[in-house]
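> Below are the sequence and a predicted model; questions follow.
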Amino acid sequence: MLRFVARRLLVAVPLLVAASFLSFALTTAMGDPLGEWKAQRPRTEQEIATQYARIGYDKPVVSRYLDWAGGFVRGDWKTTVTPGNGVVDVRTEIGRAFWVTFRLVVAAEIVALLLGMVIGVVGAVRQYSWFDYGSTGLAFLMFSIPLFCVAVILKFAGIRFNDWLESVGLGRWLITAGPPPGGFSGGLGQQIYQYTGAYVLPTLCLVAVQFALYSRYQRASMLDALNADYVRTARAKGIGEPRVVVRHALRNALVPILTVFSLNFGLLLGGAIITETVFGWRGMGTLIVDAIAKKEPWMVQGWMMVTACFVIAANLVADVVYSYLDPRIRLE
Amino acid sequence: MISAVPDVSGFVGTAARSQWRTVAARFVRHRAALVGLVLFALLLAFAFVGPLVWPKGLDAVYDARRPPSAEYPFGTDRIGRDMLAQTISGTRYSLQIALTVAVVATALGVVLGALAGYRRGWVDAVVGRTVDLVLCIPALVVTAVLARNTFTIAPGATTRSNWLAVALIIALLTAWLPIARTMRGVVLSLREKEFVEAAHALGGSTPHIVFRHILPNTVDVIIVSATVTVAQAVLLESALSFIGLGVRRPDASLGLIINENKNELATLPWLFWVPFVFIVLIGLSVNFIGDGLRDAFDPRQKRVRA
Amino acid sequence: MTELLSVHDLSVSFATDDGVVRAVRDVSFTVGPGEVLGVVGESGCGKSVTAAALMGLLPRTATVTGSIRFRGRELVGLPGRQLRTLRGAEIAMIFQDPMSALNPVHTVGAQLAEAYRAHHDVSRREARARAMEALDLVGIPQPRRRAGQFPHEFSGGMRQRVVIAMAVINDPSLLIADEPTTALDVTVQAQILETLHAVRERTGAAIMMITHDLGVVAGVAGRVQVMYGGTVVESGPVDEVFAAPRMPYTLGLLGSVPHPELVGRALTPVPGAPPSLLRLPRACTFTPRCPLAADVCRESEPELLDTDRPGHPARCHRWPIVAGIAGPQELFARREIGHPE
């Protein structure tokens, strides 16, 4: 097992290098970072040249890349470059944003997975029942609604809910704009109240969209398992149906869905973009949207590298989980 | 399927049925898929025939902020645009983009995926690795980065029509990847099947084998992938529009319209709900069709062993 | 009642999208204690569904009528919980494909122990010990080591032995073997049959051997019953049925089997395909393929009646003619098989 992990980590290095090429290509394709600044009002040649030199864009692409890469591995991820917007260190900013998003997204994904699994299993065991049709219909609906619509509707509902809470004298609990940068203060009870108030809506939003996916996968793999020969054998042994369903069918159905979960995990960082934008959380999502809008090359580059690392790590975990669950894969 | 010896009175022969007829029969039996098909057809009619039927235009010349009424069935928005005309146009743009994405992405994904799966070697390595790598980065980000280039934020700059650019960006940057990956897997497994070996032994050349033997067996995968792509393109495009990096006026997709009106939920709710319902209907119909097709090609029936 | 298993007028039908499929129609037979009954027939003749009905393993879409009496106890209509006490303990089943019959994620020992603990209230350790005894009984070497392994670590033949071990771990009095050798190589087939024989010697269990391989039946069974179109068309002692069949289909089956002694003689396959069980008319189901088909055959389905030999009934209007036929090549079309010179 250790050798497996070590080997994968080794492979990760060239993968990251390739990822850095790719991201660099994308950030370059984003266009001239000073494009809009130049268009704001007439600039002198001198001004333009100074600015380009300041941000390192006077050099050709390859040396720009090498310059960045050298700094990157040393921990210098450069800064924001738009003139007049203040200088922000990329690494610290991404570091801060990462944790904000991570906390939000991990909780939501786990809830979505558990909910999806339960719904999927019940739907498969009670195939063609009202529950099955209902949950299938709900899943299709959730697949068809864009995430931002869910978010906007939830935000609106949240405000209405707060209005109602206020009218019965309980004060406005749900926070539809993200937690303040310094976190919440006050006693434990106070903090719990505030944190839950801030987390409920965005978590609900993410869960609403993700659970449908997991429930479909679980239902499908559960149906496969229930129709498998070994389940027939288990029944032929005279084992009670609950045990057949859990120990034989579900145990096998776990494998594909946990793999899907692990792979999905990698995309979590980017998946929160919409949610964060709607609910005003200052995490990885708003960071990248902002950076793209402002055409900040180093911020975008750093963001992509962090995401790539995260995905590679998540894939590795997925493989480990998979080999643990399915003994057929274990022979290395 | 073999046909039994006929001519004896009363015995039901198992007549040979072409694969397409079987698939079509199964699809028709899938009620949701039929509903989806009808719905999609209606949406297409609404979007493309609508302008010929509905007289009002897209300009902001009507009474503003009117709730739905006989004169304005979908109401009007803050600056006086007729929402029915807007919705018709929005549906059309959303469908245009989604279908363009599906066609381009499917074509590209099928070709590259099949090539990678059949040729293996360095073609496979390059294509496979690239696909895996790009899929590491969220689609929204990848497309946003390039879509950013299609417009400039500057005082006095007029916005150009960019729906085609957005569609192509989506198709070429992200939409073809999952298709390529699926195709690669399918072709890879088909390649190992005996009938390919047989064709090879009979002297078939590579293009012949690929086109006459392998591709026909992938048609079901291709069709299902294409429908999934349509659904995902609708979602991705509206997400892009939402963060302001998608289509721009005068191309107004449903996503853009919702985005423009997202703050009006409390005051002018129809401005949100109408385009919302339409976008959901597009998604639902495509998803149902896709599910019906998937079921028609590969039914999960409990086989009875005699 | 000395019979272990007594099946009377068993019928199983399925409601499908295309209509009602009558997979098993009025099947009656008995199995005595310690006896080996062979059940032969083509795919789709209803033999596996019959087995599933005996075990109570039919899907919810199935309708079962008739009677299945096991040690005098009626199984049709028995509530699930009671059926489960019998299943795997008194009546056990061996399946066709050992590759998929075992759960890939649990060890072999765990699956065996589970089968034992389903019917006996014992500790895990005792169940493990019993599991290893069962492995030993079927001839698997190093049972302690093997019990901790997963199914994919066994070869096909070994896996089938594990399946047999799982079936006999609770000392059943009736073993139903559904095509136990079909998925295996010929050499391994012989080993499995030997294992079954050894098991039978040790436990005295009766075996219902379902197969389409006549050679297996000839070597193992005492009595045989031939099924076609969802019902029994002939039954009787093996040697007698194979030497002097009374039903054209049986004759045809015998003629379809290539045999080294028959080099130079015609192979006589039965033309056509089995009928769809969807809409059966009131005629003999074999009529479309039967060279002896006459008007009486088209008008009514024959009953399973005794022929000139006692204990050897056949379902054929024209069985006396069949009795007079020397061999299959007299009846079916000719087709030469390879000549070595």
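Structure received.
> pLDDT at the most centrally placed residue in chain A, what is it?
Centroid-nearest residue in chain A: A:Leu268, 1.2 Å away (criterion: Cα atoms, centre = their mean). Turning to A:Leu268, the model gives it a pLDDT of 74.
> got a list of what it touches?
By Cβ atoms under 8 Å, 6 or more residues apart in numbering or on different chains, the residues touching A:Leu268 are A:Thr101, A:Val105, A:Val106, A:Glu109. C-betas here are computed from N, CA, C, even on glycine.
> my read: the second one touches A:Gly266, true?
No - under the contact definition of Cβ atoms under 8 Å, A:Val105 does not touch A:Gly266, with a separation of 11.3 Å.
> Would you mind listing what in the stretch 51-200 of chain A touches chain B?
Counting by Cβ under 8 Å from any Cβ of the partner chain, the stretch 51-200 of chain A comes close to chain B at A:140-141, A:143-149, A:152-153, A:156, A:159.
> Also the stretch 1-150 of chain C?
Residues of the stretch 1-150 of chain C lying close to chain B by Cβ under 8 Å from any Cβ are C:14, C:16-17, C:21, C:23, C:43-49, C:59, C:61.
> Narrow these to those in helices?
Here DSSP state H is the test, and the residues of the stretch 1-150 of chain C next to chain B give C:Lys47, C:Ser48, C:Val49 as lying in helices.
> gap between the residue of chain C found nearest chain B and C:Gly272?
In chain C, no residue comes nearer to chain B than C:Pro281, which is 3.1 Å away by Cβ to the nearest Cβ. Distance of C:Pro281 to C:Gly272, given as Cβ to Cβ, to the nearest Å: 16 Å.
> cool, C:Leu280 as well?
Distance, C:Leu280 to C:Gly272, by Cβ to Cβ: 15 Å.
> And for B:Ile243?
Taking Cβ to Cβ, one finds B:Ile243 at 67 Å from C:Gly272.
> Please say which of the two ends up with more neighbours.
The residue with more neighbours, out of B:Ile243 and C:Gly272, is B:Ile243; 22 against 18, by other Cβ atoms under 10 Å in any protein chain shown.
> mind listing what's buried in stretch B:274-289?
B:274-276, B:278-289 (16 or more other Cβ atoms under 10 Å in any protein chain shown).
> That stretch and chain A in contact?
Yes - among the residues of stretch B:274-289, B:Phe276, B:Ile279, B:Val280, B:Leu281, B:Ile282, B:Gly283, B:Leu284, B:Val286, B:Asn287, B:Phe288 lie within reach of chain A under Cβ under 8 Å from any Cβ.
> Quick check: the farthest pair among those?
B:Phe276 and B:Phe288 (18.4 Å; Cβ to Cβ).
> any idea which element C:Ala283 lies in?
For C:Ala283, there is no helix or strand it lies in under DSSP states H and E.
> and if you look at C:Val226?
strand C:223-228.
> now swap in A:Ala253 and tell me
For A:Ala253, the element it lies in under DSSP H and E is helix A:251-266.
> try C:Ile176
Applying DSSP H and E, one finds C:Ile176 within strand C:174-178.
> quick one: contacts of that strand?
C:4-5, C:31, C:47-48, C:51, C:54-55, C:70, C:90-96, C:167-168, C:196, C:199-200, C:205-211.
> now stretch B:84-96
B:43-44, B:46-48, B:50-51, B:54, B:56-58, B:72-74, B:77, B:163, B:167, B:234, B:237-238, B:247, B:251-257, B:274-275, B:278-279, B:282.
> From the chain's centroid, how far away is that stretch?
In terms of Cα atoms, centre = their mean, to the nearest Å, the gap separating the centre of stretch B:84-96 from the centre of its chain is 16 Å.
> Put the alpha carbons of it into CSV.
Only the C-alpha atoms of stretch B:84-96 are listed here, as CSV (Å, rounded to 0.1, in the frame of the first residue of the first chain):
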residue,chain,number,x,y,z
LEU,B,84,-42.8,37.2,-23.5
ALA,B,85,-40.7,38.4,-26.4
GLN,B,86,-37.7,38.2,-24.1
THR,B,87,-38.5,34.7,-23.1
ILE,B,88,-38.9,33.6,-26.6
SER,B,89,-35.6,35.1,-27.5
GLY,B,90,-34.0,33.8,-24.4
THR,B,91,-35.2,30.3,-25.0
ARG,B,92,-33.9,30.5,-28.6
TYR,B,93,-30.4,31.6,-27.5
SER,B,94,-30.2,29.0,-24.8
LEU,B,95,-31.3,26.3,-27.2
GLN,B,96,-29.0,27.6,-29.9
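> Now distance to C:Leu37 and pLDDT too, for the residues of the stretch 1-150 of chain C next to chain B, in a markdown table please.
Converted to a markdown table, the residues of the stretch 1-150 of chain C next to chain B look like this (distance: Cβ to Cβ, whole Å; pLDDT from 0 to 100):
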| residue | distance to C:Leu37 | pLDDT |
| --- | --- | --- |
| C:Phe14 | 25 | 89 |
| C:Thr16 | 30 | 81 |
| C:Asp17 | 35 | 74 |
| C:Val21 | 25 | 87 |
| C:Ala23 | 20 | 89 |
| C:Ser43 | 20 | 79 |
| C:Gly44 | 20 | 78 |
| C:Cys45 | 15 | 84 |
| C:Gly46 | 15 | 86 |
| C:Lys47 | 11 | 88 |
| C:Ser48 | 15 | 88 |
| C:Val49 | 16 | 91 |
| C:Pro59 | 25 | 85 |
| C:Thr61 | 28 | 85 |
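> can you list the residues you listed in CSV and add neighbour count?
Formatted as CSV, the residues of the stretch 1-150 of chain C next to chain B follow (neighbours: other Cβ atoms under 10 Å in any protein chain shown):
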residue, neighbour count
C:Phe14, 20
C:Thr16, 13
C:Asp17, 9
C:Val21, 21
C:Ala23, 25
C:Ser43, 11
C:Gly44, 21
C:Cys45, 27
C:Gly46, 27
C:Lys47, 30
C:Ser48, 23
C:Val49, 27
C:Pro59, 10
C:Thr61, 12
